[in-house]
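Q: Return atomic coordinates for the entry below.
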Amino acid sequence: MKRKLAVTLVLLLQLLALPAEAAAFDVGQVWSYRTRPGEEASRIYIARVDRDFGAKPIFHLYIDGLKLKNPMLETNVQDHLVHVPVSQEALEASVIAMTQDGVIPPDISEGYIVWREAFEQGRAGVFTMSLQQVVQYIEDQFARQAGARQQ
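A: Numbers count the residues shown, from 1 in each chain. Below is the predicted model:
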């Protein structure tokens, strides 16, 4: 009996340790994810899923709760990203837990339309790195753009 209990416990612990890859990602879900330090309250909203661009879906996210340095803003801080296209692998590697389901997602249409046109012309892509890395990359791009404007 003790052995059965021990085996059951080990199996349950293994299931809990599985990454979120078994999760079915869908529009209207809100997830916690591995954030940058100081942004632990940040959440991702799945606002759209494209399944018509090949074998793998593209997830379009809205990310809030950020402390993104953006020197091009008067406040120098941006608290959200309106449109972030990511691969399923990037999403699976980043999320921790679904915090809500069935939420009406924020409107990403303006950013999505610009991205889709560029994507169809081969001028835009999909992030495949972790969301933490995506946010840092975008912050770094803001700094580069601001530096280029000052020259």
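Q: Lowest mean pLDDT among the helices and strands of the protein, which one is it?
A: helix 2-17 (a mean of 42; mean pLDDT, DSSP states H and E).
Q: In contact with the residue most central in space within the chain, which residues are there?
A: The centre of the chain sits closest to Leu131, judged by C-alpha atoms, centre = their mean, with a distance of 4.9 Å. Applying C-beta atoms under 8 Å, 6 or more residues apart in numbering to Leu131 gives the contacts Tyr33, Arg34, Thr35, Ile44, Leu61, Ile63, Val84, Val86, Ala90, Leu91, Ser94. Every residue, glycine included, has its C-beta placed from N, CA and C.
Q: same question, His60
A: Residues in contact with His60 (C-beta under 8 Å, 6+ apart) are Ile46, Ala47, Arg48, Val49, Asp50, His83, Val84, Pro85, Ile108, Tyr112, Trp115.
Q: ok, back up a step: sort out which of the contacts of Leu131 are buried, if you could.
A: Buried subset of these (neighbour count, 16 or more other C-beta atoms under 10 Å): Tyr33, Thr35, Ile44, Leu61, Ile63, Val84, Val86, Ala90, Leu91, Ser94.
Q: on that earlier part again, can you name every helix or strand that whichever helix or strand comes after the least confident helix or strand of the chain contacts?
A: Downstream of helix 2-17, the next assigned helix or strand under DSSP states H and E is strand 30-33. With contacts taken as 3 or more C-beta pairs under 8 Å, 6 or more residues apart in numbering; DSSP states H and E, strand 30-33 sits against strand 43-50, strand 95-100.
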